[in-house]
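Peer 1: no sequence for this one, just the structure:
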């Protein structure tokens, strides 16, 4: 059995960078962003091992995985995990678009 990968949609990757840049600018330091990114990587590695631990959503095969105030909407595909979007749960939920073609 091969090792699975995290595959980021363009939307998810863009949101990740915006979140990390926001905290770097707000805190005038990259230390929190580095720590947060490390936490994301650690938790997503666990998700690769146990892809069913996320909460089911109304969208077929899409689950939500919560890390602090952030929800990773993902879809297991074989050994891989597709991250469709990353959502800060403190935002207006009417702006949420979970799944896009990429």
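Peer 2: Received, thanks. Please read these numbers as outputs of a predicted model, since none were measured by experiment.
Peer 1: If residue 75 is in a bridge, with which residues?
Peer 2: For residue 75, the beta-bridge partners are residue 82 (DSSP bridges).
Peer 1: What distance do you get for it to residue 58?
Peer 2: According to C-beta to C-beta, to the nearest Å, residue 75 and residue 58 sit 13 Å apart. C-beta coordinates here come from the backbone N, C-alpha and C atoms, glycine included.
Peer 1: which of the two has more neighbours?
Peer 2: Using other C-beta atoms under 10 Å as the criterion, residue 75 and residue 58 rank with residue 75 on top: 21 against 6.
Peer 1: Now the residue nearest the centre of the chain. Nearest residue, chain neighbours left out?
Peer 2: In the chain, the residue lying closest to the centroid (C-alpha atoms, centre = their mean) is residue 72, at 3.3 Å. Spatial nearest neighbour of residue 72, chain neighbours left out: residue 65 (4.5 Å); criterion: C-beta to C-beta, 6 or more residues apart in numbering.
Peer 1: low pLDDT regions in the protein?
Peer 2: Counting by pLDDT under 70, the chain has low-confidence residues at 1-2, 91-102.
Peer 1: Kindly recompute the last result at 80.
Peer 2: 1-2, 89-102 (pLDDT under 80).
Peer 1: Show me where it has its helices.
Peer 2: Ranges of helices in the chain, per DSSP state H, are 10-27, 31-49.
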